[in-house]
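> take a look and give me a structure for this.
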Amino acid sequence: MHKRKEENAEDVCIYIYMFIFIFPYPKFAFALLGKKKMWGLFWHYLVLCLFFLLFHLQVISSSSFNSSSPLQKLCSPEQSSALLRFKNTFTINEYSSSSKTDSWKEGSDCCTWDGVTCDRFTGHVIGLDLSSCGLIGPINDSSSLFNLHHLQKLNLADNIFDPSTISPKFGQFTKLTHLNLSSSNFYGLVPTEIFHLSKLVLLHLSSDFDYLKLRQQGFKNLLQNLTELRYLHLENVDMSSVAVGSFVNLSSSLISLSLQSNYMQGKFPNDLFRFPFLQLLRLSDNQNITVNLPNFNRSNPLKLLDLSSTNFSGKLPDTIGNLMHLNHLRLSGCKFRRVNSAVT
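Reported below is the predicted structural model:
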């Protein structure tokens, strides 16, 4: 009896196969099916098989989704503790509308906190963005911030870390690709350890005042080690001892270079104006630097060129009209003899 049922099941599978692949050809289908009594059994098993087929596909789909989207790892207690201790070293500016650290609560997963980014597979904190949070207080060498060894992106811009120098321990974040410490009241010499972070793509150390200083040795380390840099902003950093001509040795992959009010002196290298990817170049408020602008070709990607309040002089080249992408050209306070009519 069981053998007979197995044979019937096998026959049905054959009939279903025939239905799918041969049904479009009626003559062959009727010839192969033969007996009319098999049609009832055929349709019965067909509906049953289709039901199980749909159920099986749903299971496979669910299994595939779960395997490709594993549950995100939770933040470790050590990292949560380090972040909370870092938060507790500051007061919040009373004029700050809100702070990302308001969501930081003990006992909750720090990967869900505002400003915190975690690696979904390891749970390591890899990103911290506390820009414009109204934080007031120092960051010293003993700060628990430096326990977050896996950081890749760190943005502490627009806070009041006063009084604080930039700790050399920032150089321990060897995985950093983005570091933004701008407009946060840091003062003193920029530690050379910062310029050993060889993976940096973005470095913003700009200041609202000339509190920070960068010396020739530090800049030399920057040139040697930060070969992946795309964005370098050093506004209001005292670079009076840096040889201006050495800027030509910056990474040719630079996209944005901002050197406003750096107390630089000497002749600025005109080859830098022809860097193949440079879209923003700001040299304003450096009254002791000079340059003769090069000829520009149409492939030059510059979008913003700010030379205001510099000692640039001579003839503005006619080829500046070739800067097809240029949106902003600032020349106030310069000593150019003539501005070509192609410039608007």
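> residue 193 and residue 173 touch, don't they?
No. Contact status for residue 193 versus residue 173: not in contact, 9.8 Å apart, counting by CB atoms under 8 Å. Using the backbone N, CA and C atoms, a C-beta is placed for each residue, glycine as well.
> settle it for me: which of these two has more neighbours?
residue 173 (23 against 17; other CB atoms under 10 Å).
> so what are the domain limits for the protein?
The chain breaks down into these domains under automatic domain parsing: 2-68, 77-242.
> highest mean neighbour count out of those domains?
The highest mean neighbour count among those, using mean count of other CB atoms under 10 Å, belongs to domain 77-242: a mean of 18.
> quick one: distance of that one to the chain centre.
In this view, domain 77-242 has its centroid 15 Å away from the chain centroid, taken as CA atoms, centre = their mean, to the nearest Å.
> that one - what's its average pLDDT?
The pLDDT scores in domain 77-242 average 94.
> can we start the residue count at 15 from this point?
Yep, numbering from 15; the last one is domain 91-256 now.
> that one spans what distance, first to last residue?
Distance between the boundary residues of domain 91-256 (CA to CA, to the nearest Å) amounts to 44 Å.
> repeat that for stretch 210-225.
22 Å.
> re the thing from before, could I get the domains of the chain as JSON lines with distance to residue 309?
JSON lines is the format used below for the domains of the chain (distance: least, CB to CB, whole Å):
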{"stretch": "domain 16-82", "distance to residue 309": "54"}
{"stretch": "domain 91-256", "distance to residue 309": "25"}
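> so which of those gets nearest residue 292?
Minimum separation from residue 292 across these (CB to CB) falls at domain 91-256, 10.0 Å.
> which one of the domains of the chain lies nearest to residue 296?
Residue 296 sits nearest to domain 91-256 of all these, at 7.6 Å, using CB to CB.
> residue 293 contacts residue 316, correct?
Yes. Residue 293 lies in contact with residue 316 (CB under 8 Å); the separation is 6.3 Å.
> these two - which one has more neighbours?
For residue 293 and residue 316, the more surrounded residue by other CB under 10 Å is residue 316, and the numbers stand at 21 against 18.
> contacting residues for that one?
287, 292, 293, 294, 295, 310, 337, 339, 340 (CB atoms under 8 Å, 6 or more residues apart in numbering).
> next, count neighbours for the second one.
What it means is residue 292. Neighbours around residue 292, by other CB under 10 Å: 22.
> for it, give me the backbone phi and psi.
The phi/psi pair for residue 292 (degrees, to the nearest 10) reads phi -70, psi 120.
> for residue 131, same thing?
phi -120, psi 130.
> quickly list what it is bridged to.
residue 141 (DSSP bridges).
> please tell me how far it sits from residue 191.
12 Å (CB to CB, to the nearest Å).
> quick check: neighbours shared by those two?
Shared contacts of residue 131 and residue 191, counting by CB under 8 Å, 6+ apart, come down to residue 167.
> ok, which pair from the contacts of residue 316 is furthest apart?
Farthest apart among the contacts of residue 316 - using CB to CB - are 294 and 310, which lie 15.4 Å from each other.
> helices of the stretch 165-314 of the chain, residue ranges please.
230-239 (DSSP state H, counting those that start in this stretch).
> sorry, slip of the keys, the one I care about is the stretch 15-164 of the chain.
Secondary structure of the stretch 15-164 of the chain (DSSP H, counting those that start in this stretch): helices at 16-35, 40-47, 51-82, 91-102.
> OK, contacts around the closest residue to residue 257 other than its chain neighbours?
Counting by CB to CB, 6 or more residues apart in numbering, residue 257 lies nearest to residue 230, which is 6.4 Å off, once chain neighbours are set aside. Each residue near residue 230 by CB under 8 Å, 6+ apart is listed here: 255, 256, 257.
> of those residues, closest to residue 164?
Taking those together and measuring to residue 164 by CB to CB, the closest member is residue 256, at 32.6 Å.
> now do the contacts for that closest one.
By CB under 8 Å, 6+ apart, the neighbours of residue 256 are 228, 229, 230, 233, 276, 278.
> likewise residue 205?
179, 180, 181, 182, 184, 185, 232.
> likewise residue 215?
Shown in contact with residue 215 (CB under 8 Å, 6+ apart): 191, 192, 242, 243, 244, 245.
> just those residues: which are in strands?
The members of the contacts of residue 215 that map onto strands under DSSP state E are 192, 245.
> out of the contacts of residue 215, which is nearest to residue 148?
Among the contacts of residue 215, residue 192 lies closest to residue 148 (CB to CB), at 21.5 Å.
> so the closest one bridges to which residues?
Note on residue 192: beta-bridge partners by DSSP bridges are residue 167, residue 216.
> pretty sure it contacts residue 170?
No. With contact defined as CB under 8 Å, residue 192 and residue 170 do not form a contacting pair (11.3 Å).
> now for those two: what residues contact both?
Counting by CB under 8 Å, 6+ apart, residue 192 and residue 170 have no shared contacts at all.
> measure residue 261 to residue 278 for me?
Separation of residue 261 from residue 278 (CB to CB): 9 Å.
> ok, residue 112 next?
Taken as CB to CB, the span from residue 112 to residue 278 is 39 Å.
> also residue 334?
Taking CB to CB, one finds residue 334 at 23 Å from residue 278.
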